[in-house]
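Participant: Kindly generate the corresponding structure for this input.
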Amino acid sequence: MDKYITTPITEEITADLKSGDFVYITGTIYSARDAAHKRMAETLERNEKLPIDLKDSVIYYMGPSPAREGRPIGSAGPTTASRMDKYAPTLLDLGEKAMIGKGKRSKEVIDSMIKNHAVYFAAIGGAGALLSKCIINSEVVCYDDLGTEAIRKLEVINFPVIVVIDSKGNNLYDSSAEEYRR
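Facilitator: Got it, this is the predicted structure:
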């Protein structure tokens, strides 16, 4: 089923999303990859405040290529989500409600998603140039020294994703494999 949602992503929104739904996101999302997640974890270990508010937020696991003239961002395809798995439960506990990436997630992340009523979306790998057309503004908000891995605030319109794991733990990767076997 196609669903159109606007950020911030609340528990009411995540409760309505089911594994397999096609979703179009409009609003503010943040991009962060491995180095930014590591830096956020170090910030929390020092009992310092994070540079972004995670309440009802969406983090897109992406590091863009340089923007072409007249564009806010270059190619913006997803990176492998499992590399953020050791950080995700903590960020979910702090209010993050959605993650966008590609690939499977660990049991610990899925358990934390259920506990925190969060969802995991997949964006289409290899379609970064196409996905970038849904991004109308890109601004580095912190960790500029990380280059493409800096945290960016992105404004998106109808950014296409698929619910892979919903807030109840239903996993499209697992259910699709079972259906295929039948």
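Participant: Off-centre distance for the longest strand seen in the chain?
Facilitator: Longest among the strand segments of the chain by residue count, using DSSP state E, is strand 151-165. With CA atoms, centre = their mean, to the nearest Å as the basis, strand 151-165 stands 7 Å off its chain's centre.
Participant: Which strands and helices lie in contact with it?
Facilitator: Secondary-structure packing of strand 151-165 (3 or more CB pairs under 8 Å, 6 or more residues apart in numbering; DSSP states H and E): strand 22-31, strand 119-122, strand 135-142, helix 172-181. For every residue, glycine as well, the C-beta is placed using N, CA and C.
Participant: Can you dump the C-alpha atoms of that strand in CSV for me?
Facilitator: What follows is strand 151-165, C-alpha atoms only, in CSV (Å, rounded to 0.1, in the frame of the first residue of the first chain):
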residue,chain,number,x,y,z
ILE,A,151,25.4,15.0,9.7
ARG,A,152,23.2,16.8,7.2
LYS,A,153,19.7,18.2,7.6
LEU,A,154,17.9,17.3,4.5
GLU,A,155,14.5,18.6,3.3
VAL,A,156,12.8,16.0,1.2
ILE,A,157,9.6,15.8,-0.9
ASN,A,158,8.0,12.4,-1.5
PHE,A,159,11.3,10.5,-0.8
PRO,A,160,10.5,6.9,-1.7
VAL,A,161,11.2,4.1,0.7
ILE,A,162,9.8,0.7,1.7
VAL,A,163,8.9,-0.4,5.2
VAL,A,164,11.2,-3.4,5.7
ILE,A,165,10.7,-3.8,9.5
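Participant: What residues sit buried inside that strand?
Facilitator: Going by neighbour count (16 or more other CB atoms under 10 Å), the buried part of strand 151-165 is 151-152, 154-156, 159-165.
Participant: out of those residues, who's nearest residue 14?
Facilitator: Checking the buried residues of strand 151-165 against residue 14 with CB to CB, the nearest one is residue 163 at 9.3 Å.
Participant: re earlier: can you put the helices and strands packed on strand 151-165 in a markdown table and add mean neighbour count, mean pLDDT and distance to residue 80?
Facilitator: Listed next are these as a markdown table, based on neighbours: other CB atoms under 10 Å; pLDDT from 0 to 100; distance: least, CB to CB, whole Å:
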| stretch | mean neighbour count | mean pLDDT | distance to residue 80 |
| --- | --- | --- | --- |
| strand 22-31 | 19 | 98 | 14 |
| strand 119-122 | 24 | 98 | 11 |
| strand 135-142 | 16 | 96 | 20 |
| helix 172-181 | 11 | 67 | 13 |
